[in-house]
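*Asks:* Next one to model:
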Amino acid sequence: MQKKRIVIVVAAVLAIIGLYYGGLKDWVSLQALKENSHYFKDMVTQNYWFSAMVYVAAYTLAMAASLPIVAPFTLLGGFLFGMMGAFFALFSAVCGSMIYVMIFRHFLYASMHEQFRDQLAQFKQNVAIHGKSYVLILHYLAVVPFFMINALAALADFSLWDICWTTIVGNTPLFLLLAFEGRELAHIESVSDIFSPHFIIALGLLVLLAFMPIIVKRFRARKI
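*Replies:* Reported below is the predicted structural model:
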């Protein structure tokens, strides 16, 4: 049974890598999405809810496959659906994360638990000290890949509910910002163009907000 699981996992990983580097990587790039944005916009105009379902399905599958599509896909969502794009993107991210975690637990839990013992111990220690706020910080910082946060949460035996709500709370502000910026998709040449002064300030405030429980806890500890 263990060998069968390994074979399935290896096959799935190779398939994802093959798709990603065999052409899918270019298709989900920011440039490709911009080039096809008017075609997507026409689809939305003709059939809004069908287009929304296609968008959510594509986003969910990409998230479940751990593809780095969060920024370009959320920008596209903002361009196509306005601020509703943030909701569609967040819903997709949650569904994709849940699927990824369930697959991860079923096929990779035992081997990865042993292989990443040290990293997992550090992650558990930070969660024990700071609570779930630590996971929110990882999401707010937007530098740790989604799949890595989900993998550590799965290894740390987070419940699906915990993964669900931390994904929602930790990404709603960022997705709102990306969807807002996505309205000007035609003028964005690279992901770095998103980081306008007001975007950086807003993101900084979100990170500060995530750190607040930790700051308050340390302040109370010093007073005692």
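
*Asks:* Give the ranges of residues in this structure that sit below the confidence cut-off.
*Replies:* For the chain, applying pLDDT under 70 flags the ranges 1-30, 32, 111, 113, 186-200, 202-203, 206-207, 209-224.

*Asks:* now do 50
*Replies:* Across the chain, the ranges flagged by pLDDT under 50 are 1-2, 6, 8-9, 19, 22-24.

*Asks:* how about the helices in it?
*Replies:* With DSSP state H applied, the chain shows helices at 2-19, 25-27, 30-35, 37-46, 48-64, 70-81, 84-107, 109-115, 117-130, 133-141, 146-155, 160-182, 197-223, listed in chain order.

*Asks:* Output those as TSV; include the columns mean neighbour count.
*Replies:* Quick note: C-beta positions are derived from backbone N, CA and C, even for glycine. Converted to TSV, those look like this (neighbours: other Cβ atoms under 10 Å):
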stretch	mean neighbour count
helix 2-19	12
helix 25-27	12
helix 30-35	16
helix 37-46	13
helix 48-64	17
helix 70-81	24
helix 84-107	20
helix 109-115	13
helix 117-130	14
helix 133-141	21
helix 146-155	21
helix 160-182	20
helix 197-223	12
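
*Asks:* wait, what's in contact with residue 180?
*Replies:* When contacts are counted by Cβ atoms under 8 Å, 6 or more residues apart in numbering, residue 180 touches 78, 83, 86.

*Asks:* Give the closest residue to the last one in space, chain neighbours not counted.
*Replies:* Once flanking residues are discounted, residue 86 sits nearest to residue 179: 3.7 Å by Cβ to Cβ, 6 or more residues apart in numbering.

*Asks:* check contacts around the one you found.
*Replies:* So, once contact is read as Cβ under 8 Å, 6+ apart, residue 179 ends up touching 74, 75, 77, 78, 81, 82, 83, 85, 86, 89.
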